[in-house]
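# give me a model of this one.
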Amino acid sequence: MRFGFNFDQALAPLIFLGLGLFLSTTPVCASPSDTPTSLIRAALFESTPSAFAPSDISAEDFSWSWTSKDQTHSQPPANIHVQISPQSLQWVRVSEVLVIPRARLIITAPVTAVSGGHIDYLGVTYPFMAAGQQKLYIDLPIVLLQSANHSVRFSLKIRDGKKLQYQLKINYQPKQSELRNLVMVDSSCSSYQVDGEINQSKQPSWAYVGCRLIHGEGAGYRPAHLEMHMILSEPNLGNSLIINQSEVEATQEGLWVVRTKGPNSKITVESPSLKLNLTHSAPSTVKYGFFGVGLGPYQYTQHSPGTDISSVIPLLTIYMSYFLTETVSLAAFNATNIHKQFLTDTGIYLRTETNRILDRRVSLSLMLGAHAIAFKWDGKTTTRFSAPQGVEALFRDFLKTSYNLSAGAFIYPPIASRSYYNLWLRWGKASYFAEFNYIGLQEPLEFGQRYYSRSVGLSFGFPLFRFL
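Got it, this is the predicted structure:
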């Protein structure tokens, strides 16, 4: 039988190019490992990494209100102009599980009305600067977070010699009705199906929720709590909230951290202007082991001495993993063609998460190990071993919240008439998934002959149980 050009050999250079890019990748942004002492201050640091926008909130959705220090004026001084710099709204990641919006605020005043002054914001002073001969201006970064205590303080000196002091407060006034009471959930919550809703709101507001699963050792089990980090933005927000009927002080301005235990837990958060309901499905105990199965139709092709097969057959897949640490796990798989000329493929690998990029939504992992295949040839079962190595990328919240996409490959390039390619694209959630899979291999036989097999198809799978 003649073996010429085939798809596997054409694919090899492309896969190795991708492998090289994978191994040379460095984080696009920093990965803060803990919550800073002040989220608002951290949001203004130049080193704070940018994040994907979790919603369609824009600069036009914010306005300003003025109050003089003596509470006698609620309008800005004459000819003072305030605006967010166009296209300056940016979401930044202030911790592993939280993002906050910031922007640049521009204040201008004619020299005919104001002779000087400054702004105090978060302990930093911004003096008025000349913009030509007719205007003064201040350009400062600002966090777009509403609360009773978050404001910009003005000290103005007007032309008649008077000194005035004002406070400038941020107001969230979205143009779109669906943004009026908005709950945004971080990708760190994607495994726990966190959902939230704001109701009974007197004024427009928004909330952002991030997650950490906290667990420890117990007698025969590992108890787990879901730690929820909540940022609230509403105009009357003070230093305390009512959480499940109990008054709770803020961890810091605008932030509350709450731990809950058990799936289907509910949290009710009440402030002077809103009521927020949160639910999740995080487990009450943690098990490090996973066992799942998949089944689907595959186009099966096999060429070997005396055998030529090309037909659609069912293919059974089995998945197992066991976490050794948070970033290292043992992974095993099996793929078996259900056919009289069967082929079964079993591998075991050490999977190590090497990096997180793109706002921590994408995990890159290296998979080192080996596999064995068994196939029927010449009336008997033949077994072969080799060591294709693998890479995998996991995209969290891909297309839909709580749904993840993983793409990966195991590779053994053509060497001494042997090759192996296993490529997959898997999308789904914790309870089910769909997977496109390509498995192509070639093995040398006696007298210079070769065995070639290719399976291409779609599997549907689900977890059977978790263990240990």
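# shaky segments in the stretch 101-250 of the chain?
Across the stretch 101-250 of the chain, residues meeting the criterion (pLDDT under 70) sit at 159-161, 219-220.
# residue ranges of the helices in it, please?
With DSSP state H, counting those that start in this stretch as the criterion, the stretch 101-250 of the chain has no helices.
# where do the strands of it begin and end?
Applying DSSP state E, counting those that start in this stretch to the stretch 101-250 of the chain gives strands spanning 114-121, 124-127, 129-131, 135-143, 152-158, 163-172, 181-185, 195-199, 205-215, 224-233, 240-243, 246-249.
# out of these, which comes closest to residue 63?
strand 163-172 (4.6 Å; C-beta to C-beta). The C-beta positions use only the backbone N, C-alpha and C, and glycine is treated the same way.
# parallel or antiparallel, list what pairs with the closest one.
Strand 163-172 has the following sheet partners, assigned by DSSP bridges: strand 62-68 (antiparallel), strand 152-158 (antiparallel).
# how about the ones you listed, which one is nearest residue 332?
Across the strands paired with strand 163-172 (criterion: C-beta to C-beta), the nearest stretch is strand 62-68, sitting at 51.9 Å.
# tabulate the strands of the stretch 101-250 of the chain (CSV), appending mean neighbour count.
Below are the strands of the stretch 101-250 of the chain laid out as CSV (neighbours: other C-beta atoms under 10 Å):
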stretch, mean neighbour count
strand 114-121, 18
strand 124-127, 12
strand 129-131, 11
strand 135-143, 18
strand 152-158, 18
strand 163-172, 17
strand 181-185, 21
strand 195-199, 16
strand 205-215, 21
strand 224-233, 22
strand 240-243, 16
strand 246-249, 10
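# how about the ones you listed in TSV, adding distance to residue 330?
Below are these laid out as TSV (distance: least, C-beta to C-beta, whole Å):
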stretch	distance to residue 330
strand 114-121	52
strand 124-127	51
strand 129-131	61
strand 135-143	44
strand 152-158	54
strand 163-172	48
strand 181-185	31
strand 195-199	33
strand 205-215	19
strand 224-233	21
strand 240-243	40
strand 246-249	41
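# quick one, which of the ones you listed is nearest to residue 465?
Closest approach to residue 465 among these (C-beta to C-beta): strand 224-233, 17.2 Å.
# now could you export just the CA positions of the closest one as CSV?
C-alpha atoms of strand 224-233 as CSV (Å, rounded to 0.1, in the frame of the first residue of the first chain):
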residue,chain,number,x,y,z
ALA,A,224,-15.4,24.7,51.3
HIS,A,225,-16.7,28.2,51.4
LEU,A,226,-17.3,30.6,48.5
GLU,A,227,-15.8,33.9,49.3
MET,A,228,-17.6,36.7,47.5
HIS,A,229,-16.1,40.1,47.0
MET,A,230,-18.8,42.7,46.4
ILE,A,231,-18.3,46.2,45.1
LEU,A,232,-21.4,48.4,45.2
SER,A,233,-21.9,51.7,43.5
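# show me what contacts residue 401?
Counting by C-beta atoms under 8 Å, 6 or more residues apart in numbering, residue 401 touches 185, 190.
# if we can go back for a sec, right, and the strands of the stretch 101-250 of the chain - which one's nearest residue 363?
strand 205-215 (15.5 Å).
# state the distance from residue 217 to residue 322.
Between residue 217 and residue 322 the computed distance is 16 Å (C-beta to C-beta, to the nearest Å).
# could you do residue 292 as well?
Residue 292 is 13 Å from residue 322, by C-beta to C-beta.
# please apply the same query to residue 111.
Residue 111 is 71 Å from residue 322, by C-beta to C-beta.
# what does residue 236 give?
Distance from residue 236 to residue 322, by C-beta to C-beta: 49 Å.
# repeat for residue 52
32 Å.
# outline the domain layout of the chain.
With domains defined by automatic domain parsing, the chain comprises 7-28+287-467, 39-172, 180-280.
# tell me what the host helix or strand of residue 466 is packed against?
Following DSSP states H and E, one finds residue 466 within strand 450-467. Secondary-structure packing of strand 450-467 (3 or more C-beta pairs under 8 Å, 6 or more residues apart in numbering; DSSP states H and E): strand 289-304, strand 307-323, strand 362-377, strand 432-444.
# look up the closest residue to residue 398, ignoring the ones flanking it.
Of all residues not flanking residue 398 in the chain, residue 405 sits nearest, at 3.8 Å (C-beta to C-beta, 6 or more residues apart in numbering).
# in a helix, the one you found, correct?
No - per DSSP: H, G, I helix; E, B strand; the rest coil, residue 405 lies outside any helix segment and is strand.
# so who does it touch?
Contacts of residue 405 (C-beta under 8 Å, 6+ apart): 394-395, 398-399, 425-427.
# hey, what's it bridged with?
Counting by DSSP bridges, the residues bridging with residue 405 are residue 395, residue 427.
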